[in-house]
Structures are given as structure tokens and as C-alpha cells.
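Chemist: What would the 3D arrangement of this be:
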Amino acid sequence: MEEEFKAGEIGNEVPLPPEDLPEPMPAPEPPHEPDEEVHSLADNVRSLTPMQLVAKRFFRSKLSIVGLCIIIFLFAFCWLGPLFSPYGEETIDRETDRLDVIVTAIEVEVTDENGDVVLDENGEPETFIVYRVQRSQMDIDRLAGASAEHWFGTTKEGYDVFTRIMYGGRVSLSLSLIVVILETVLGIIFGGLAGYFGKWVDTLIMRIVDIFSCIPSLPLLLIIGSVLEGVGVDPNNRIYFMMIFLTLFGWTGIARIVRGQILSLREQEFMVSATARGLSTSRKIFRHLVPNVMPQLIVSMTLGLGSIILMETSLSYLGLGVPLTKASWGGMINNVTDPQVLNNYLNIWVPPGICIVLAVLGFNFIGDGLRDAFDPKSKR
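Modeler: Numbering: from 1, shown residues only. The predicted structure is shown next:
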């Protein structure tokens, strides 16, 4: 039996004819202000590259900024300062009105009216001291104090100390930079080969590194300096021999760093991809592996610059540095061998010593800042 449903009962709706349907309401337009620009989230978020993150972390450290300012000041002082100095590196100041005073002590025996020597109670001749003073026009303005003409005085050879500090900084800073760059190049080459190939190549290179690390560098450099002096090598060329020998004894640490990093990187996914693409060995080492080691190398290089400056100072003090006519910070300190000059003329050796301390501190501050900046776990 069929059930009949009436219109209006619950659950039953009778469709209306189309002409009886109400007209649909228009959709409201979203509020829009014509003068206001609509920005997306990407426009409000600024992404930083890895180098920008490193720079941001580096400049957050106050010591890093101090070290950077010190190094910039020293480079500007050493390379631009001589342009404004009236003296040169080898200029001897001979225009002086100073007197060279020489005091000589003379011991004179006491005699009586007969010319006989007077004896004391012990039977020894009585004597007294007479001082003879000799004055002469000084031909070289040596060991002058600080003045308007010579801000830091002059050396015993008549060189202007302030000007020599500028030229000495050129030698010390450029020597350290060249040696560190050469050490890094050798360390990258040998460390990269040892870390990538492994096996007998790694064993051979690491044994060479061990041999160079066991050699006492300072005594050997003293022997080499004596040999160079004995065979008559030009003193002006000793600086180049010094750079070569410092490089030979300093590349082993860089090689160990590169080898250790490459051993951990060569099994990563990007190296597997490079191998699958058929890239050459040199390209995989120097285009993919070495750039990943550069942060550690940069830190090692900045910290090594201070060590090279100290080594150059030590060698110059031992007589293996640049000749006397050429200036270097270590050579200026080495020049003060007279105890009287060392005690009474601090203006000759204290300023270059302060420059050495500032340079070493500046490079160490920069190295510490770079180490923290390249550290991915750093929260500073």
C-alpha cells in the first residue's frame, strides 16, 4: 500500500517553480583600501646567506671588532704613514747642532813635593780619579730623544725610529701573510691528497708530516743562518730564505686539519653524487671538499699570523733576519744590544715591541671571532 505525503510535512519538501525562486543576494566585496599595499609573508622575512650569518656573528663580538680595528690601523700606519714622513728607511740624519761629549776617567797617583809616590797605610800608592771631558761636533744625530723632528728619537746609527717602525711593519706583516698563505697552499695539497686517497698515499704523506713535526725548527734555523752567513749570502736576500724555511716547518699543522676534515666529508651524500656524475679527482677535491674545510683554515690562518710575527722577531733577534739597513720590528729590537742603550733609551725598542704585541693580539682576536662565527652551534 503506497503512503501519501502531504506538502509541508516534516522531511518532505515540494520544489518551487523557477519563477517563484528568490533572487540570490550578491556576495559582499572584501574591504579594500586602494592606498595600502598587500605584502606577503616572504616580503616581510629576510633570509641570510651563510656568509651573512658568519659576518653577523663576527661583528657581535667586541673583541673581534677591536682586533679588526687594530690590524686595519697597523696596515694603514705601515703602508700610508711613510708617505707623510720626511725621512726614508735608510735616511741618516746628519743635520745636528748637538755636541758629542766623551768623558774619560784617568787614575793619577799622588806624589809629594819631591816627586815621590805617597803610600797609604797599607803600603799601596795613593791615587785619585780625574775625569777628562772631550766635546766635539756630532756628525750624526744619534740617540736623540723625542722631539718635533724625531717623534720617537733616533737610533745610534742616526735613523728615525718612528719612520723605521713604519717600514719595519711592512716587512713583519707582509712576511707573516706570505708565509701563512704558502703554508696553507702546501697543507691543502698534501692534506687533501692524504684524506681523499687514503691507504698508502695517506700513510706516506702522514709519515712525512711526522718527520717535519719532530724536527726542532729553531736550532735548525740557527744552523741554516750560520751556513748562509758562512757561504756569503747577501744579507738583503736572507728574508727570502727565512720565508722558505718558515714555510717548510709550518705546513704540517694545516695538512693535518685538511686531512681530518676530508676523511669525514668524503663519504657524504654530495661526494657520492659528484662521483656518480663522473667528476675528476682534482675537481672533487678542490671544488667540493676543500671549500667545506675553508672555515677551519681561515681560523687557523689568522691564529698563525701572530705566531709567524713572533718567529720572525726571534730570528731577527738572533741575527737571522733582515740586515741593519732594512727595518723590521724584530730587527729593531735586536739592534739594542748595548745595556746602556737598553736601560736609558727606551724610545728605541719599546715602540716596536708594542707594535708586535698589538699585531699578535689583533690577529688572535680576529681568529677567536672567526672561530665562534663559523661554529654552527654558536648562539651568540
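
Chemist: in which helix or strand would I find residue 326?
Modeler: Secondary structure assigned from DSSP states H and E places residue 326 in neither a helix nor a strand.

Chemist: can you map out the strands along the protein?
Modeler: Listed in chain order, the strands of the chain (DSSP state E) span residues 99-109, 127-137.

Chemist: Would you quantify the distance from residue 93 to residue 300?
Modeler: Going from residue 93 to residue 300 by CB to CB, to the nearest Å gives 43 Å. C-beta here means a position set from N, CA and C on the backbone, and glycine is covered the same way.

Chemist: Specify which residue of these two has the higher count of neighbours.
Modeler: residue 300 (21 against 18; other CB atoms under 10 Å).

Chemist: so that one touches residue 252, yeah?
Modeler: No. Under the contact definition of CB atoms under 8 Å, residue 300 does not touch residue 252, with a separation of 11.9 Å.

Chemist: Residue 202 reaches residue 258, doesn't it?
Modeler: No. Counting by CB under 8 Å, residue 258 is not a contact partner of residue 202; they are 12.0 Å apart.

Chemist: which residues do those two both contact?
Modeler: residue 195 (CB atoms under 8 Å, 6 or more residues apart in numbering).

Chemist: neighbour count winner among those two?
Modeler: Legend: neighbour count by other CB under 10 Å for residue 202 and residue 258, higher for residue 258 (28 against 17).

Chemist: Pull the contacting residues for the more buried one.
Modeler: For residue 258, the contacting residues are 187-188, 190-192, 195, 290, 293, 297, taking CB under 8 Å, 6+ apart as the criterion.

Chemist: go again using 6 Å as the cut-off
Modeler: With contact set as CB atoms under 6 Å, 6 or more residues apart in numbering, residue 258 has these partners: 187-188, 191-192, 293.

Chemist: can you check residue 313 too?
Modeler: Shown here is residue 313, whose contacts under the criterion CB under 6 Å, 6+ apart are 330, 356.

Chemist: Quick check: it vs residue 216, distance?
Modeler: Note on residue 313: its distance to residue 216, by CB to CB, is 19 Å.

Chemist: do residue 334 as well
Modeler: Distance of residue 334 to residue 216, computed by CB to CB: 21 Å.

Chemist: Between these two, which has more neighbouring residues?
Modeler: In terms of neighbours (other CB under 10 Å), residue 334 is the more surrounded of residue 334 and residue 216; the figures are 21 against 9.

Chemist: now what about stretch 144-154, what contacts it?
Modeler: Contacts made with stretch 144-154 from outside it, assessed by CB under 6 Å, 6+ apart, are listed as 141, 160-162, 347, 351.

Chemist: ok, these vs residue 71, which is closest?
Modeler: Checking the contacts of stretch 144-154 against residue 71 with CB to CB, the nearest one is residue 351 at 17.7 Å.

Chemist: Not counting its neighbours along the chain, what's nearest residue 374?
Modeler: Sequence neighbours aside, residue 295 is the residue nearest to residue 374 in space, at 3.8 Å (criterion: CB to CB, 6 or more residues apart in numbering).

Chemist: swap that for residue 191, sorry
Modeler: Once flanking residues are discounted, residue 191 sits nearest to residue 258: 2.9 Å by CB to CB, 6+ apart.

Chemist: What of residue 153?
Modeler: Distances taken as CB to CB, 6+ apart put residue 347 closest to residue 153, at 4.4 Å, once the chain neighbours are dropped.

Chemist: same for whichever helix in the chain runs longest, what does it pack against?
Modeler: Among the segments of the chain that qualify as a helix by DSSP state H, the longest is helix 161-197. If contacts are counted by 3 or more CB pairs under 6 Å, 6 or more residues apart in numbering; DSSP states H and E, helix 161-197 sits against helix 62-80, helix 199-214, helix 238-248, helix 252-265, helix 290-317, helix 329-334, helix 346-374.

Chemist: give the contact list for the residue lying closest to residue 250 once chain neighbours are set aside.
Modeler: If the residues on either side of it in the chain are set aside, residue 250 comes closest to residue 183, at 4.5 Å by CB to CB, 6+ apart. Residues near residue 183 by CB under 6 Å, 6+ apart: 247, 250-251, 254.

Chemist: Highest neighbour count among the residues you listed?
Modeler: In terms of neighbour count, residue 254 stands highest of these at 25 neighbours, by other CB under 10 Å.

Chemist: neighbours around the closest residue to that one other than its chain neighbours, how many?
Modeler: Across the structure, with CB to CB, 6+ apart as the measure, the residue nearest residue 254 apart from its sequence neighbours is residue 187 (2.5 Å). Burial of residue 187, expressed as a neighbour count using other CB under 10 Å, amounts to 25.

Chemist: What of the one 5 residues further on?
Modeler: In terms of burial, residue 192 registers 24 neighbours under the definition other CB under 10 Å.

Chemist: I'd guessed it sits against residue 284; true?
Modeler: No. Counting by CB atoms under 6 Å, residue 192 sits too far from residue 284 to count as a contact (9.9 Å).

Chemist: Need the helices and strands packed on helix 161-197 in CSV (columns: distance to residue 55 and mean pLDDT).
Modeler: Formatted as CSV, the entries for the helices and strands packed on helix 161-197 read as follows, by distance: least, CB to CB, whole Å; pLDDT from 0 to 100:
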stretch, distance to residue 55, mean pLDDT
helix 62-80, 10, 90
helix 199-214, 33, 86
helix 238-248, 30, 79
helix 252-265, 22, 83
helix 290-317, 13, 76
helix 329-334, 31, 77
helix 346-374, 7, 84
